[in-house]
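Novice: Kindly return the folded structure for what I paste below:
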Amino acid sequence: MSPEQLLGSAEFDPNDTVIADFEAGVGTLTRLGEQNVDTVVVVVEATPKSIEVGLRAASLANEKLLQRVVIVANRIRHEGDLETIRAAFPGLEVVAVPDDPAIREADRFGIAPIDHAPEAPAVRALVGLAEQLLPKAG
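Specialist: As a prediction, this is how the structure comes out:
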């Protein structure tokens, strides 16, 4: 059973928040059935190949009429990187995550970045993204 099928067969309370991290590429979106998906997060870097795959993913999400597509501009080294990604995804919400040595260091140590360096710029950006993605308490 694929991760998509497993997730689709699980029963959740309507108030549950489920976050799933699937493999890179567009395969998950092409296999996505009638599951209730509120938001698709597409992670891209400012490289032509990454942007090309991100554009295909965003297009598939739009074809499936998903409610929200968020582009994560990952490993941003300078404003030009961010502008490249914004230009490629006009009209979509773009969240920047800076290139941050604290992330690589945490990975080397096998520690979650938030535990290793909670005040690192990339960690703060990811926490901000999480807060944007979570439903607002009513």
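Novice: Residue 69 and residue 54, how far apart?
Specialist: Going from residue 69 to residue 54 by CB to CB, to the nearest Å gives 10 Å. (C-beta placed from N, C-alpha, C; glycine too.)
Novice: Quick one: distance of stretch 38-54 to the chain centre.
Specialist: Average the C-alpha atoms of stretch 38-54, do the same for its chain, and the two points are 8 Å apart (CA atoms, centre = their mean, to the nearest Å).
Novice: Enumerate the positions of that stretch that are buried.
Specialist: Within stretch 38-54, the residues that qualify as buried are 40, 41, 42, 43, 44, 45, 46, 50, 51, 53, 54, counting by 16 or more other CB atoms under 10 Å.
Novice: next one: stretch 52-70
Specialist: Within stretch 52-70, the residues that count as buried by 16+ other CB under 10 Å are 53, 54, 55, 57, 58, 60, 61, 66, 69, 70.
Novice: low-confidence ranges in this protein?
Specialist: The chain contains residues with pLDDT under 70 at 1-10, 17-36, 65-66, 136-138.
Novice: can you give me the strands for it?
Specialist: 39-44, 68-76, 93-98 (DSSP state E).
Novice: May I see the buried residues of the last one?
Specialist: Spelled out, that is strand 93-98. 94, 95, 96, 97, 98.
Novice: The last one and residue 122 touch, don't they?
Specialist: Spelled out, it's residue 98. Yes - with contact defined as CB atoms under 8 Å, residue 98 counts as touching residue 122 (5.4 Å).
Novice: So residue 45 is in contact with residue 71, correct?
Specialist: No - checked against CB under 8 Å, the pair residue 45 and residue 71 is beyond contact range at 11.1 Å.
Novice: center of the chain - which residue?
Specialist: Taking CA atoms, centre = their mean, the centroid of the chain lies closest to residue 41, which sits 3.3 Å from it.
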